[in-house]
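Chemist: Turn this into a model:
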Amino acid sequence: MFPVSLRSLSLALWMVPVLASAQLTANVSLTSNYKVRGQDQDVHRIKAVSPAIQGGFDYAFEGSGFYVGNWNASVDWLSGNSIESDLYGGYKFRLGGADLDVGALTYLYPGNTSGNTTELYGAATHGPFTIKYSHTVSRDYFGWANARTSGRRGRNTGYLNLAFAHEVAPKVTFKAAVGYTRFAGDIQALGVPNYVDYSLGGTYDLGSGLSLSAAVAGANQKGYFGDANRARLIFTLTKTL
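Modeler: Residues are numbered from 1 along each chain as shown. Predicted coordinates:
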């Protein structure tokens with residue numbers, strides 16, 4: 001038993017400086033409408049105002065570049081489920097004048113696991129521009145196989161996003177983004193079109209970790225996806241701790 005206890009003690013001593021250098025931050029938001037990649041996440045009450053509460057935390061190991069986190073939101077698009085819970089982790093580093101970020105993200109829907117989706121992502125930020133690509137590695141993409149009797153899955157669906165953020169006045173940051181969803185071949189075989197989403201707006205820093213943002217967000221291909229892709233004026237109040 002002594003060697004095991006000694007190894008445990010060594011591990012505990014090794015973890016002390018790691019945990020001491022970690023930084024925990026948290027956030028909570030109230031938004032007038034929650035969209036993911038331009039699509040409403042409350043499809044049972046599709047309208048201009050469909051409030052959602054959101055929040056989570058990030059745990060960054062200072063000096064190492066590694067981080068983990070959790071983010072949650074109220075949703076209503078999957079039968080029997082009302083919560084989206086995201087788990088993610090990754091590594092940030094600087095290379096050639098750009099800030100790089102690689103990691104993995106899993107979308108969890110506790111009330112109906114058929115929507116669970118895992119993606120790998122990579123992002124690069126240079127100045128006000130950020131480009132990010134996410135690639136689905138789970139068998140299913142947000143329930144395409146289980147919610148439909150087609151047997152189609154969605155693995156290898158990709159999402160590319162280009163974002164711009166720049167402070168244009170004290171406490172005011174202008175933000176714009178455009179994204180492209182490329183469905184996997186088996187989903188496209190159903191006649192589902194790839195689509196483009198967009199967001200244009202800004203954020204005002206109210207101080208003490210409180211911010212207010214407003215943006216117009218939506219997507220094309222409304223003929224196929226219907227009102228879920230309609231442009232919305234979305235207001236979000238966020239408190240960061």
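
Chemist: so what's A52 closest to, chain neighbours aside?
Modeler: Y34 (4.0 Å; CB to CB, 6 or more residues apart in numbering). The way it works is simple: take the backbone N, C-alpha and C, and place the C-beta from them, glycine included.

Chemist: For that neighbour, what are phi and psi?
Modeler: Torsion angles at Y34 (phi, psi; degrees, to the nearest 10) stand at phi -110, psi 120.

Chemist: Can you report how many residues lie near it?
Modeler: 24 (other CB atoms under 10 Å).

Chemist: can you check D197 too?
Modeler: 22.

Chemist: now the strands for this structure?
Modeler: Assigned by DSSP state E, the chain shows strands spanning 22-31, 35-36, 39-40, 52-61, 66-74, 83-95, 98-108, 117-126, 129-136, 158-169, 172-182, 195-207, 210-219, 232-240.

Chemist: Next, format the ones you listed as JSON lines and append mean pLDDT and distance to F142.
Modeler: Shown next, in JSON lines, are the strands of the chain (pLDDT from 0 to 100; distance: least, CB to CB, whole Å):
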{"stretch": "strand 22-31", "mean pLDDT": "94", "distance to F142": "20"}
{"stretch": "strand 35-36", "mean pLDDT": "96", "distance to F142": "9"}
{"stretch": "strand 39-40", "mean pLDDT": "94", "distance to F142": "10"}
{"stretch": "strand 52-61", "mean pLDDT": "97", "distance to F142": "17"}
{"stretch": "strand 66-74", "mean pLDDT": "98", "distance to F142": "14"}
{"stretch": "strand 83-95", "mean pLDDT": "97", "distance to F142": "10"}
{"stretch": "strand 98-108", "mean pLDDT": "98", "distance to F142": "7"}
{"stretch": "strand 117-126", "mean pLDDT": "98", "distance to F142": "5"}
{"stretch": "strand 129-136", "mean pLDDT": "98", "distance to F142": "9"}
{"stretch": "strand 158-169", "mean pLDDT": "98", "distance to F142": "11"}
{"stretch": "strand 172-182", "mean pLDDT": "98", "distance to F142": "11"}
{"stretch": "strand 195-207", "mean pLDDT": "98", "distance to F142": "14"}
{"stretch": "strand 210-219", "mean pLDDT": "98", "distance to F142": "15"}
{"stretch": "strand 232-240", "mean pLDDT": "97", "distance to F142": "20"}
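
Chemist: looking at the ones you listed, which is buried most?
Modeler: strand 39-40 (a mean of 25; mean count of other CB atoms under 10 Å).

Chemist: Columns distance to Q188 on top of the strands of the chain, output as CSV?
Modeler: Output for these, formatted as CSV (distance: least, CB to CB, whole Å):
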stretch, distance to Q188
strand 22-31, 31
strand 35-36, 20
strand 39-40, 17
strand 52-61, 30
strand 66-74, 28
strand 83-95, 25
strand 98-108, 21
strand 117-126, 17
strand 129-136, 14
strand 158-169, 12
strand 172-182, 9
strand 195-207, 11
strand 210-219, 17
strand 232-240, 26
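
Chemist: of these, which approaches G226 most closely?
Modeler: If you check each of the strands of the chain against G226 by CB to CB, strand 39-40 wins as the nearest, at 9.5 Å.

Chemist: partners of the closest one, with directions?
Modeler: strand 35-36 (antiparallel) (DSSP bridges).

Chemist: Next one: the residue nearest to A52 relative to V216, how far apart?
Modeler: Y34 sits 15 Å away from V216, going by CB to CB, to the nearest Å.
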